[in-house]
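# Predicted model, plus sequence, below.
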Amino acid sequence: MPELPEVEVTRRSFAASIAGARIVDARLGKPLRWPLGIAPEALVGREVLGVRRRGKYLLVDLNEGLLLLHLGMSGSLRFAPTDTLAAPGTHDHFDLVTTLGTLRLHDPRRFGAVVFAGGEGDPVARKLLGGLGMEPLEDAFAAQAFHAGLQASRMPIKQLLLGGKLVVGVGNIYASEVLFLARISPLAPANSIGPRRAQRLHQAIREVLARAVAQGGTTLRDFSNADGMPGHFQLQAQVYDREGLPCTRCAAPLRMLRQGQRSTFYCSHCQRP
């Protein structure tokens, strides 16, 4: 599932190329998770001002309104000169054709979405974005506010990180890596994490996600950015998918447990409750 690093990598791979483009056509394929909310032809003539990210949503700002794109479980975007793209295939569900190229959403499982909103104050946008937590790669991600959020929850720390209401983008792979770097057990209640460990965790979140972005994200199956390039973060994972292999710190065998039907990888020796 594309997480914050993959979405940010995708954004960076086409944002500059599409900025300033004028929409000349829009095509919808099979229905996605939510309806577009506007007739596709109504987008024609609008200008793309830029592309931002909020959590795992890409926000394509138009001179009139914005498009919110979500990659779902298996989606990816491709941006290329229109005359170089093949005809849309079975799993190509949205084409935004512009004067600078075509942005295409490919999504085999159709959990992704493209939604139009009049602006971020639009009820549709507020419903999708309103409950999102702090952005971990921005300066506003303050350690003190993060620690206060931890103290307000008794959930196991990994479950809280995955929830996205305190901080966005720490998906399953990255949560395991973050907690290993911070030396905190995934089972530790969030409110048991004191100021010093919270500071380590805060820093680990920023470090792991920034490193993942720099590595082009994680490609376990089919993720690629809008240029068609895969990610490489999985090659340097310290604990994820390494059950039974020696810990890189202490050489003890790494373990795996299930939390909320998700696999958690950790070192029971290095990571304390």
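Perfect, I can see it now. Numbers count the residues shown, from 1 in each chain.

# alpha carbons only for contacts and neighbour counts from here, please
Fine.

# need the helices for the stretch 1-150 of the chain, in chain order.
Listed in chain order, the helices of the stretch 1-150 of the chain (DSSP state H, counting those that start in this stretch) span residues 4-18, 123-129, 143-151.

# Give the rounded mean pLDDT of the longest one.
Just to be clear, that refers to helix 4-18. For helix 4-18, the mean pLDDT works out to 94.

# residue ranges with poor pLDDT in the stretch 151-273 of the chain?
By pLDDT under 70, the weakly predicted segments of the stretch 151-273 of the chain are 219-226, 230-232.

# Show me the strands in it, by range?
Ranges of strands in the stretch 151-273 of the chain, per DSSP state E, counting those that start in this stretch, are 255-259, 262-266.

# buried stuff in the last one?
The reference is to strand 262-266. Judged by neighbour count using 16 or more other Cα atoms under 10 Å, the buried positions of strand 262-266 are 264-266.

# Adding distance to residue 197 as columns, could you present those in a markdown table?
Rendered in a markdown table, the data for those read as follows (distance: Cα to Cα, whole Å):
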| residue | distance to residue 197 |
| --- | --- |
| 264 | 20 |
| 265 | 19 |
| 266 | 17 |
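
# about what we covered before: turn the strands of the stretch 151-273 of the chain into TSV, columns for distance to residue 123.
What follows is the strands of the stretch 151-273 of the chain, written out as TSV (distance: least, Cα to Cα, whole Å):
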stretch	distance to residue 123
strand 255-259	33
strand 262-266	32
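
# follow-up on the earlier one: with respect to burial, which of the helices of the stretch 1-150 of the chain scores highest?
Stretch with highest mean neighbour count among the helices of the stretch 1-150 of the chain: helix 4-18 (a mean of 22; mean count of other Cα atoms under 10 Å).

# Which other helices and strands does that one contact?
On a contact count with 3 or more Cα pairs under 8 Å, 6 or more residues apart in numbering; DSSP states H and E, helix 4-18 meets strand 48-54, strand 57-62, helix 195-214.

# Between those, which one is closest to residue 249.
Distance to residue 249, taken as Cα to Cα, is lowest for helix 195-214 among these, at 16.0 Å.

# ok, back up a step: of all the helices and strands packed on helix 4-18, which one is nearest residue 39?
For these, distance to residue 39 was read as Cα to Cα. The smallest value, 15.4 Å, belongs to strand 57-62.

# And the contacts of the closest one?
Defining contact as Cα atoms under 8 Å, 6 or more residues apart in numbering, one finds that strand 57-62 is touched by 7, 11, 46-53, 66-71.

# Buried only: go through the residues you listed for me.
Among the contacts of strand 57-62, those scoring as buried are 7, 11, 46-51, 53, 66-71 (criterion: 16+ other Cα under 10 Å).

# And the protein, what are its domain boundaries?
Listed by automatic domain parsing, the domain ranges of the chain are 4-129, 143-266.

# Next, the distance between the ends of the last one.
Its first and final residues considered, domain 143-266 spans 24 Å by Cα to Cα, to the nearest Å.

# out of the strands of the stretch 151-273 of the chain, which comes closest to residue 90?
Using Cα to Cα, the strands of the stretch 151-273 of the chain put strand 262-266 closest to residue 90, at 29.6 Å.

# quick one, what contacts the nearest residue to residue 257 once chain neighbours are set aside?
When the adjacent residues along the chain are set aside, residue 257 lies closest to residue 264, with 5.3 Å between them (Cα to Cα, 6 or more residues apart in numbering). Remark: with contacts taken as Cα under 8 Å, 6+ apart, residue 264 is in contact with 172, 176, 186, 240, 256-258.

# And for residue 247?
The neighbours of residue 247, taking Cα under 8 Å, 6+ apart as the test, are 238-239, 253-254, 267.

# now residue 200
Counting by Cα under 8 Å, 6+ apart, the residues that residue 200 touches are residue 182.

# For residue 181, see how far away it is.
With distances taken as Cα to Cα, residue 200 is found 8 Å from residue 181.

# For residue 58, which non-adjacent residue is closest in space?
With Cα to Cα, 6+ apart, the residue lying closest to residue 58 is residue 69, at 5.0 Å.

# rewinding a little: the contacts of strand 57-62: which two are farthest apart?
7 and 46 (23.8 Å).
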